[in-house]
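Asker: next input, structure requested:
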Amino acid sequence: MDTSPWVHCLGLGLAAVGRPAYITLGRDEDLAAARSVEELEARSHQLLDRAFDLGVRYLDAARSYGYAERFLGSWLAARPGAREQLTIGSKWGYEYVGEWTLDAPLHERKDHSPTVFDRQWPETLEALGTTPDVYLVHSVTPDSPALGDDELLDRLRALAAGGVRVGISTSGPEQFAVVQQALAVPDNPFSAVQSTWNLLERSVGAALAEAHDAGWLVVVKEGVANGRLTAHGAEPGLAQMAALDGQTLDAFALGAVLAQPFVDVVLSGAVTLPQLEQNLAARPPAAVPEGVVEAPAAYWATRSALSWG
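Answerer: So this is what the prediction gives:
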């Protein structure tokens with residue numbers, strides 16, 4: 001394949017290959033029913049090899065992504081010299097509780113307390129076998145205490161002083177307000193944010209632009225809207241626009257994110273090599289369509305209704 005000149009702005013997220021169940025359309029078509037630890041570790045390594053060889057240099061994991069950190073750590077151990085070329089991000093504040101089953105009643109549990117940070121930071125170090133460059137409070141929402149907990153903020157300030165870029169990730173219809181609140185934290189330990197922005201959900205854009213202008217690292221996740229902006233989705237109008245632009249729908253969707261001046265890294269969540277290669281061919285489209293945006297509450301209600309496949 002021809003490598004996109006934008007590949008330096010594309011990263012690989014391991015949320016969908018670090019655990020058997022995930023919220024995305026078409027997962028049963030993309031992965032065999034038997035999703036053992038060994039099979040998903042091998043698949044993760046295959047994707048990491050291809051992504052690295054094609055020029056991807058940002059990798060993303062989290063404590064709650066099943067064994068994603070462990071899979072990334074074992075890949076790093078088997079690929080001497082790769083670590084120095086990479087920026088590795090991970091997240092804490094959720095824990096994986098799905099017990100490697102597809103039909104678990106609960107797949108992850110959220111807790112942004114200092115106690116959980118104290119436990120998960122050494123777990124991240126052990127699983128990765130290295131110190132992450134970026135460490136985010138996972139999925140901060142208005143009900144999270146993380147942005148007002150002085151004890152936790154002091155721990156995060158110490159981590160930032162040690163050279164780790166500390167930040168937050170966001171989800172939900174209040175992303176804009178959460179990013180603005182994080183920007184205003186006194187003696188701010190934060191200098192990175194990972195948020196959902198895609199053709200259907202753009203409400204956080206102005207806040208991400210403000211963060212970018214403040215020197216924060218801005219990473220965008222869910223650029224293909226959990227599969228809605230892929231061949232698995234039902235967006236024929238957008239698929240036609242993508243075809244006219246000479247791109248697959250997923251590449252077109254990621255390219256629309258690349259076109260935003262506030263974005264530093266756009267994550268691919270591919271689980272197959274063809275998906276990865278299509279994603280990494282993304283480029284900004286000739287024009288970003290404007291008439292497809294959904295109200296944040298409607299978008300997130302649709303996302304919440306998606307099943308763990």
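Asker: hey, where'd the helices end up in the protein?
Answerer: 27-30, 37-53, 68-78, 114-128, 150-161, 175-183, 205-213, 236-244, 249-258, 273-280, 296-305 (DSSP state H).
Asker: now for the closest residue to Ala15 other than its chain neighbours, how many residues are close by?
Answerer: Leaving aside its chain neighbours, Ala15 sits nearest to Tyr65 (4.9 Å; criterion: CB to CB, 6 or more residues apart in numbering). Heads up, the C-betas are built off the backbone N, CA and C, glycines and all. Neighbour count for Tyr65, taken as other CB atoms under 10 Å: 26.
Asker: ok, now the one 3 residues further on?
Answerer: Under the neighbour criterion other CB under 10 Å, Ala68 is assigned a count of 28.
Asker: ok so, going back, need the winner for burial among the helices of the chain.
Answerer: Ranked by mean neighbour count, the helices of the chain are led by helix 249-258 with a mean of 26 (mean count of other CB atoms under 10 Å).
Asker: so where's the chain uncertain?
Answerer: Residue ranges of the chain with pLDDT under 70: 1-3.
Asker: find the centremost residue of it, please.
Answerer: Lys221 (4.1 Å; CA atoms, centre = their mean).
Asker: check contacts around it.
Answerer: Contacts for Lys221 (CB atoms under 8 Å, 6 or more residues apart in numbering) come out as 13, 60, 169, 194-196, 267, 269.
Asker: do the same with Gln194
Answerer: 60, 89, 91, 136, 167-170, 219-221, 267.
Asker: tally of neighbours for the closest residue in space to Leu31 that isn't next to it in sequence?
Answerer: Setting aside the residues directly before and after it, Leu31 is nearest to Val271 in space (CB to CB, 6+ apart), at 6.1 Å. Neighbourhood size, Val271 [other CB under 10 Å]: 21.
Asker: likewise for Glu99?
Answerer: So Glu99, with other CB under 10 Å, has 9 neighbours.
Asker: any idea how far it is from Val37?
Answerer: 12 Å (CB to CB, to the nearest Å).
Asker: repeat that for Glu69.
Answerer: Taking CB to CB, one finds Glu69 at 13 Å from Val37.
Asker: of all the helices of the chain, which one comes closest to Ser144?
Answerer: Between Ser144 and those, the shortest separation by CB to CB is 8.0 Å, and it involves helix 175-183.
Asker: need the contact list for Leu249.
Answerer: Contacts of Leu249 by CB under 8 Å, 6+ apart are 229-231, 233, 235, 238-239, 242.
Asker: ugh, wrong one, I meant Leu40
Answerer: Shown in contact with Leu40 (CB under 8 Å, 6+ apart): 17-20, 66-67, 71.
Asker: so for Leu159, what's the nearest residue that isn't a sequence neighbour?
Answerer: Leu159's closest residue in space is Val166 (CB to CB, 6+ apart), at 5.5 Å.
Asker: isn't that neighbour up against Arg155?
Answerer: No. If you go by CB atoms under 8 Å, Val166 and Arg155 don't touch, sitting 9.6 Å apart.
Asker: which one of the contacts of Leu249 is nearest Val263?
Answerer: Leu229 (16.0 Å).
Asker: the residue lying closest to Lys110 once chain neighbours are set aside: neighbouring residues, count only.
Answerer: In space, and not counting its chain neighbours, Lys110 is closest to Tyr94: 5.1 Å by CB to CB, 6+ apart. The number of residues packed near Tyr94 is 22, by other CB under 10 Å.
Asker: and Tyr94, what does it touch?
Answerer: With contacts defined as CB under 8 Å, 6+ apart, Tyr94 is in contact with 62-64, 108-111, 138-139.
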